[in-house]
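**Q** Provided below for reference: sequence and predicted model.
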Number of protein chains: 2
Amino acid sequence: MGARPKASQADRVGGEDQNPQHPSARHRDTARSVPPDQRSNPKSQDAVSDTNISTGTLGKALEVLDVIASADRPMRFTDILNRLDQPRGTLHRQISNLAAEGLVTADENHAYVPGLRLLKLAARAWSRNSLRSVAAPHLLRLHEATGETVHLGVLNGLEVVYLDKVESRQTVRMHSQVGNASPLFCTGVGKAMLARLSLHDRADRAERMHYTRHTPSTLVSAEALLAEVDHIARTGLAYDREEHEPGIVCVAASIQHPEGEGVAGLSVTGPAYRMGPEQIARFGELVRETAKNIEIETDARLGPRHRE
Amino acid sequence: MGARPKASQADRVGGEDQNPQHPSARHRDTARSVPPDQRSNPKSQDAVSDTNISTGTLGKALEVLDVIASADRPMRFTDILNRLDQPRGTLHRQISNLAAEGLVTADENHAYVPGLRLLKLAARAWSRNSLRSVAAPHLLRLHEATGETVHLGVLNGLEVVYLDKVESRQTVRMHSQVGNASPLFCTGVGKAMLARLSLHDRADRAERMHYTRHTPSTLVSAEALLAEVDHIARTGLAYDREEHEPGIVCVAASIQHPEGEGVAGLSVTGPAYRMGPEQIARFGELVRETAKNIEIETDARLGPRHRE
DNA sequence: AACATAATTCCATTAAATGGAACCGTGTTT
DNA sequence: AAACACGGTTCCATTTAATGGAATTATGTT
């Protein structure tokens, strides 16, 4: 690769170094052996910042894709080049491959946008998501009972990724939420999910967040967040009191996936003027109840391999 | 990659083939079965300057991802192995990489499902799609004028991929259409889009389709399809008369992207009992009008790089 | 407990990605 | 209009990382 060793890409296993033990020690230390570089538990990794890890060529391709996808306008070749600091030839081939696979599309002339194949793949991911399909009728019922918007989200690193949404009126931004990610610290679902984690895990994540103030009431420190989450853990209900968007409030509860595979949550969201304290209290009970029901049903559907 | 001359450009545009006779196929010459999924490559007007059809490692990873995504249940390691006929070690690493990148997730134990990252990427692709964002208010107006479901789709190979949908009632399958793909020959949008292509291109695609009968009225031959498309090209309106789903009819019109970047279409769909001949005629005019307006607006927004 | 099957790891081999430099083509400047 | 500059594309020797067969370990079944 070349005369110019770039620290970023040089070593295979960047972050976590390879197993300190000798490779020949493969006998029976399996007790603690979560494979060194392939973490099967989602907690250790996250996110959005620099994602260069040891997934080789695939990881590099996705880095390029991320740049294209997370930009807010079509990117030209040189834009991407500047963003990634990579040799021209290499980047060109990577982009060509992404385009050939339909993951990106060349707009007009030489401007790249995320491609259709992503939509096709995501449609499958969405329709086959077991939590989502189990939850769907529950969400619908909850929406009918409350008349407000209902969200379903899952924990992903330091964010909540929304899996589904039920709202009354089709606005112009229709399914704008599905697949979108929001910070944990300023959303009801996010805080509810945090409350399901171990103390250590909560603190760990709280520490790694970037607290940007969205409204006057946003919690902007790990301490404030952890205190509130602690309270949520006891009551089972989380609130967003215009912490993410002015005028918008919500009540949320968490859902524990079976197998400890993940934590999810759901919420009822609406404008503050329609959701006063008494309304929130009422909705809160419904949310809690719905969450419980979804939990029970997923347990019944996915769980029963253990108790036979 | 290939130490091979790119001599044979003979292969057609379909974009497939991508199988440059792997040199490593001396041991097992398993003709790598390209899945029938015609991959991407929208434009592909005949003799494309056969630029690079081998996407190398990325392509192989996506092959694995496709298997996982297009299955209708979580796949275990061996399932994928049987489907792809690949060495264990290789497949294992590929899956591990996909999992490490979040493109697939290990369900329960060793069962893989498409991952959250796909949703996140697709959300960006969707929200930033220029046609979709331009069309959105038009679709909403059309829905309000007709009271029926409105679809927006784009041409992708032999399929229509739905970009958006506006419907009155939130059913349980809410955004089920977005990102989904349907055949061209049995959908209104599909036939409308075909009518925008050159005669040669129409015939080429019609020839490559697999005509599966969905209902008694499905067109099941290239001849029948081409005849109807020819008629559509003159009238500007396409119909689906219960050809895809019994009891469901639709009227559709096509939209030409600027720059010849692609062809799209939109439709009004509803149950046959609500959409009789006179209703369809009325809706048809609205659809045609809406398509025209979207076309004009995309032209205005995306086109004017030329006149400055 | 013994067996069968699935999943994972190892490592020499080799294909494939890399990246520097040369090459085109289009839009800008003088 | 000619010369230029810049963004994009192609080439090819070098080096990396993907490969795949076999051995090893985990998991589930009789």
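**A** That came through, no problem.

**Q** hey, which helix or strand in chain A has the poorest pLDDT?
**A** Lowest on mean pLDDT, DSSP states H and E among the helices and strands of chain A sits helix A:7-10, with a mean of 33.

**Q** give the buried residues for the helix or strand following that one.
**A** Toward the C-terminal end, the helix or strand that comes next after helix A:7-10 (DSSP states H and E) is helix A:56-70. Within helix A:56-70, the residues scored as buried using 16 or more other C-beta atoms under 10 Å in any protein chain shown are A:58-69. In this view, the C-beta of every residue, glycine as well, is placed from N, C-alpha and C.

**Q** relative to the whole chain's centre, how far out is helix A:56-70?
**A** From the chain centre to the centre of helix A:56-70 is a distance of 18 Å (C-alpha atoms, centre = their mean, to the nearest Å).

**Q** list the helices and strands that helix packs on?
**A** helix A:77-84, helix A:88-100, strand A:111-114, helix B:56-70, helix B:88-100, helix B:116-127 (3 or more C-beta pairs under 8 Å, 6 or more residues apart in numbering or on different chains; DSSP states H and E).

**Q** is the very next helix or strand once past the fifth one anywhere near DNA strand D?
**A** Think helix B:88-100. Sequence order places strand B:104-107 as the next helix or strand after helix B:88-100, per DSSP H and E. No - Strand B:104-107 is not in contact with DNA strand D by C-beta under 7 Å from any atom of the strand; minimum separation 11.8 Å.

**Q** distance check, the residue in the stretch 101-250 of chain A that DNA strand D sits nearest to against A:Arg93.
**A** Of all residues in the stretch 101-250 of chain A, A:His110 sits closest to DNA strand D, at 3.7 Å by C-beta to the nearest atom of the strand. Counting by C-beta to C-beta, to the nearest Å, the gap between A:His110 and A:Arg93 amounts to 15 Å.

**Q** out of the two, which sits in the more crowded spot?
**A** A:Arg93 (17 against 13; other C-beta atoms under 10 Å in any protein chain shown).

**Q** measure the more buried one to chain B for me?
**A** 8 Å (C-beta to the nearest C-beta, to the nearest Å).

**Q** go on, A:Leu131?
**A** Noted for A:Leu131: a distance of 11 Å to chain B, by C-beta to the nearest C-beta.

**Q** so that residue, which state does it fall into?
**A** Here A:Leu131 is helix, with the state taken from DSSP: H, G, I helix; E, B strand; the rest coil.

**Q** now stretch A:84-92: how far from the chain's centre is it?
**A** For stretch A:84-92, the distance to the chain centre is 29 Å (C-alpha atoms, centre = their mean).

**Q** which one of the buried residues of helix A:56-70 is nearest to DNA strand D?
**A** Closest to DNA strand D, out of all of these and judged by C-beta to the nearest atom of the strand, is A:Leu58, at 6.6 Å.

**Q** do I have it right that that closest one meets B:Thr57?
**A** Yes - between A:Leu58 and B:Thr57 a contact is recorded at 6.7 Å, counting by C-beta atoms under 8 Å.

**Q** that older thread, was I right to think the residue of the stretch 101-250 of chain A closest to DNA strand D contacts A:Arg76?
**A** Yes - counting by C-beta under 8 Å, A:Arg76 is a contact partner of A:His110 at 5.3 Å.

**Q** per-residue confidence at A:Ser96?
**A** Turning to A:Ser96, the model gives it a pLDDT of 91.

**Q** distance check, it against B:Thr55.
**A** From A:Ser96 to B:Thr55 the distance is 8 Å (C-beta to C-beta).

**Q** perfect, I'm done here.
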